[in-house]
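S.K.: fold the following, please.
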Amino acid sequence: MRMRLCRWIASFWFFCFISTPTLAANHSDVLLLGQVAEPQSLDPQVATSANDSRILVNIYEGLVRNADGTLTLEPALAKSWSVSDDGLTYTFHLRENIKFHDGSAFDAQAVKFTFDRMLDSQHPYYHTGPFPLSFFFSAIDKITTPDNLTVVFTLKEPFAPFLSNLATPAGLIVSPAAVKQYDKDFSRHPSGTGPFKFDEWTANQRVVVSANEQYWDGKPHLKNVVFRPITDANTRVAEMLSGGIDAMVEVPADNVPLFIKDERFKVYEAVGPHVWYVMLNASQPPFDDVRVRQAVNYAVNKQNIVKYILQDSAGVAEGPIPSAFDWAFDQETEAYPYDPEKARQLIAEAGAQGQKIVFYVTEGGSGMLDPIPMATAIQADLKAVGLSVEIQTFEWNTYLSKVNSGLQQAHMAEMAWMTNDPDTLPFLTLHSASWPDKGGFNSGYYSNQQLDRLLDKARVTNDLEERAQLYKQVQKIVHRDAPWLFVANWKQNAVANEHVKHFKLQPNFNLLLKDVRKD
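M.R.: Numbering: from 1, shown residues only. Purely as a prediction, here's the structure:
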């Protein structure tokens with residue numbers, strides 16, 4: 001497939017493809033999917049973004065998975081499991097006669113290899129990382145394999161999110177043979193047990209996967225799926241309208257009505273646990289002062305961002321735990337109201353008038369909604385209360401590398417997370433043990449020992465009601481301390497043309513394409 005850039009009428013740009021017949025958009029066995037960015041990695045233990053996960057979950061599988069359309073867990077590569085009464089021992093019984101795409105056998109040793117690789121610094125393939133989400137499995141003390149079809153995880157202490165974390169992309173099982181063959185290049189030669197096998201990754205053009213004819217849970221209907229990175233939202237829309245792609249994720253809010261009115265397309269929407277926020281660097285002025293952090297939350301008109309920029313495709317965020325986790329969400333914690341006068345008062349009290357702020361902004365990325373217009377609105381609102389904001393914009397993967405390493409040169413940075421447990425986001429981004437130099441994503445260097453204790457306790461508490469009360473206290477503390485500018489909870493969306501059938505969105509923001517077909 002060759003790509004050339006074509007000039008269209010009225011200076012409107014779109015991508016034209018000269019395709020082989022097997023990968024043409026009008027071929028009934030091929031799905032062309034518009035993604036929001038180039039993948040970062042196709043190694044599931046290395047990747048961190050939903051953009052990558054949408055590919056990964058179709059190549060790999062975990063021991064457990066979220067059932068279709070829910071966050072409820074069901075068997076995957078493990079046909080059953082049991083948990084000891086003390087919550088320390090998880091025993092998994094594996095499916096038989098399953099092979100990785102490279103032909104090697106899936107067994108208990110492959111499971112042990114997958115987790116040892118990211119948790120044991122002495123493992124011979126630990127250097128194929130880094131593994132930024134290994135935090136998910138830090139409670140593991142040891143992994144034993146009584147036989148080829150049994151895996152036993154022994155934990156250091158009870159860890160309530162353990163099973164749900166196994167269902168995340170970080171818990172997907174990799175082929176030891178492929179890791180050994182490709183070493184640090186494994187991310188470019190992925191091998192799993194999933195419904196689709198990796199074929200090709202052409203940088204900034206496409207990732208191609210093909211049907212796994214021997215898939216244990218029924219072979220896919222599609223012959224190929226082509227994931228195309230189209231970072232510019234307007235270009236994705238143009239490609240969708242012109243038939244260059246069959247489906248696209250993260251439809252710009254102002255284009256949703258266009259697709260709803262056109263009978264050639266179907267728009268898909270689903271509510272999931274998503275938070276869009278701006279992290280504030282609490283390690284340096286002015287955001288080392290809680291009054292200025294609170295002032296930012298009063299200064300920004302989140303309602304206008306949600307209504308006019310996001311076209312009501314999101315709701316205003318109250319804190320780090322979205323309402324999609326209804327059992328853990330604190331109903332008493334309300335979003336900061338828009339009150340610029342209160343913001344000016346707090347800034348004056350802190351002596352921060354005229355402070356110059358560096359604001360890292362991404363051009364786009366998974367879950368990032370409309371990041372540049374949102375940043376521009378935030379910049380204007382902060383200027384109105386006396387803070388001078390300089391926006392610095394970066395391509396998504398460059399952005400991640402700058403932000404995830406810590407805000408050394410910036411005061412603010414946009415971020416979005418989609419999670420499947422209320423533990424994940426606050427622990428990995430707000431706990432003191434999650435500062436970047438400790439392997440976490442607390443890039444704003446926020447620290448509160450009371451919060452740390454609550455998060456630690458919630459992790460070892462298996463009683464759901466007790467966990468819920470702990471997370472509600474977490475919500476209150478984080479709301480008060482305001483380490484972030486809390487902005488939006490997104491209702492994810494996608495659009496597909498009329499020929500695509502059985503396409504759906506999942507509440508964990510993944511795309512499961514095994515049952516998708518085209519007529």
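S.K.: what's the offset of the longest helix seen in the chain from the middle of its chain?
M.R.: For the chain, the longest helix by residue count, based on DSSP state H, is helix 464-481. Relative to its chain's centre, helix 464-481 lies at 22 Å (Cα atoms, centre = their mean, to the nearest Å).
S.K.: the next helix or strand after that helix pairs with which strands, and in what direction?
M.R.: Next along the chain after helix 464-481, taking DSSP states H and E as the criterion, comes strand 484-497. Applying DSSP bridges, strand 484-497 is found paired with strand 247-249 (antiparallel), strand 265-271 (antiparallel), strand 274-280 (antiparallel), strand 314-316 (antiparallel).
S.K.: next one: the residue most central in space within the chain from residue 347, what distance?
M.R.: Nearest to the geometric centre of the chain sits residue 50, at 3.5 Å (Cα atoms, centre = their mean). Here residue 50 is placed at a distance of 35 Å from residue 347 (Cβ to Cβ, to the nearest Å). C-beta coordinates here come from the backbone N, C-alpha and C atoms, glycine included.
S.K.: now do residue 145
M.R.: With distances taken as Cβ to Cβ, residue 145 is found 59 Å from residue 347.
S.K.: of these two, who's got more company?
M.R.: Per other Cβ atoms under 10 Å, whichever of residue 145 and residue 347 has more neighbours is residue 347, with 26 against 16.
S.K.: pretty sure the more buried one contacts residue 295?
M.R.: Yes: counting by Cβ atoms under 8 Å, residue 295 is a contact partner of residue 347 at 4.9 Å.
S.K.: which residues do these two both contact?
M.R.: residue 385 (Cβ atoms under 8 Å, 6 or more residues apart in numbering).
S.K.: what's the nearest residue to residue 60 if we skip its chain neighbours?
M.R.: residue 192 (3.1 Å; Cβ to Cβ, 6 or more residues apart in numbering).
S.K.: which stretches of this structure form helices?
M.R.: Using DSSP H, helices in the chain cover 50-59, 108-119, 162-166, 176-182, 233-242, 256-261, 290-299, 302-304, 340-349, 371-383, 396-404, 424-430, 449-459, 464-481.
S.K.: would you list those in JSON lines and tack on mean pLDDT and distance to residue 493?
M.R.: Shown next, in JSON lines, are those (pLDDT from 0 to 100; distance: least, Cβ to Cβ, whole Å):
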{"stretch": "helix 50-59", "mean pLDDT": "95", "distance to residue 493": "13"}
{"stretch": "helix 108-119", "mean pLDDT": "98", "distance to residue 493": "33"}
{"stretch": "helix 162-166", "mean pLDDT": "94", "distance to residue 493": "24"}
{"stretch": "helix 176-182", "mean pLDDT": "98", "distance to residue 493": "34"}
{"stretch": "helix 233-242", "mean pLDDT": "94", "distance to residue 493": "12"}
{"stretch": "helix 256-261", "mean pLDDT": "93", "distance to residue 493": "7"}
{"stretch": "helix 290-299", "mean pLDDT": "98", "distance to residue 493": "27"}
{"stretch": "helix 302-304", "mean pLDDT": "97", "distance to residue 493": "20"}
{"stretch": "helix 340-349", "mean pLDDT": "98", "distance to residue 493": "31"}
{"stretch": "helix 371-383", "mean pLDDT": "97", "distance to residue 493": "16"}
{"stretch": "helix 396-404", "mean pLDDT": "94", "distance to residue 493": "19"}
{"stretch": "helix 424-430", "mean pLDDT": "94", "distance to residue 493": "21"}
{"stretch": "helix 449-459", "mean pLDDT": "97", "distance to residue 493": "31"}
{"stretch": "helix 464-481", "mean pLDDT": "96", "distance to residue 493": "26"}
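S.K.: wait, which of these is closest to residue 82?
M.R.: Comparing the helices of the chain by their distance to residue 82 (Cβ to Cβ), the top pick is helix 162-166, with 11.4 Å.
S.K.: and that closest one, what does it pack against?
M.R.: Packed against helix 162-166 by the contact rule (3 or more Cβ pairs under 8 Å, 6 or more residues apart in numbering; DSSP states H and E) you find no helix or strand.
S.K.: may I have it as CSV, with CA atoms only?
M.R.: The C-alpha trace of helix 162-166 is given here as CSV (Å, rounded to 0.1, in the frame of the first residue of the first chain):
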residue,chain,number,x,y,z
PHE,A,162,-5.7,-7.9,41.5
LEU,A,163,-8.3,-9.7,39.3
SER,A,164,-9.4,-6.5,37.6
ASN,A,165,-5.8,-5.6,36.9
LEU,A,166,-5.3,-9.0,35.3
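S.K.: for that helix, which outside residues touch it?
M.R.: 62-64, 71, 73, 90, 136-137, 139, 153, 155, 171, 420-421, 424.
S.K.: tell me the gap between it and the middle of its chain.
M.R.: Using Cα atoms, centre = their mean, the offset of helix 162-166 from its chain centre is 16 Å.
S.K.: now stretch 206-220
M.R.: For stretch 206-220, the distance to the chain centre is 23 Å (Cα atoms, centre = their mean).
S.K.: what comes up buried for it?
M.R.: Using 16 or more other Cβ atoms under 10 Å as the test for burial, stretch 206-220 gives 206, 207, 208, 209, 210, 211, 212, 215, 216, 220.
S.K.: which residues are contacting it?
M.R.: 1, 23, 39, 42, 55, 58-59, 95, 97-99, 101, 193-201, 222-229, 513-516.
S.K.: and with 6 Å instead?
M.R.: The contact list for stretch 206-220 (Cβ atoms under 6 Å, 6 or more residues apart in numbering) reads 55, 98, 195-201, 223-228, 514.
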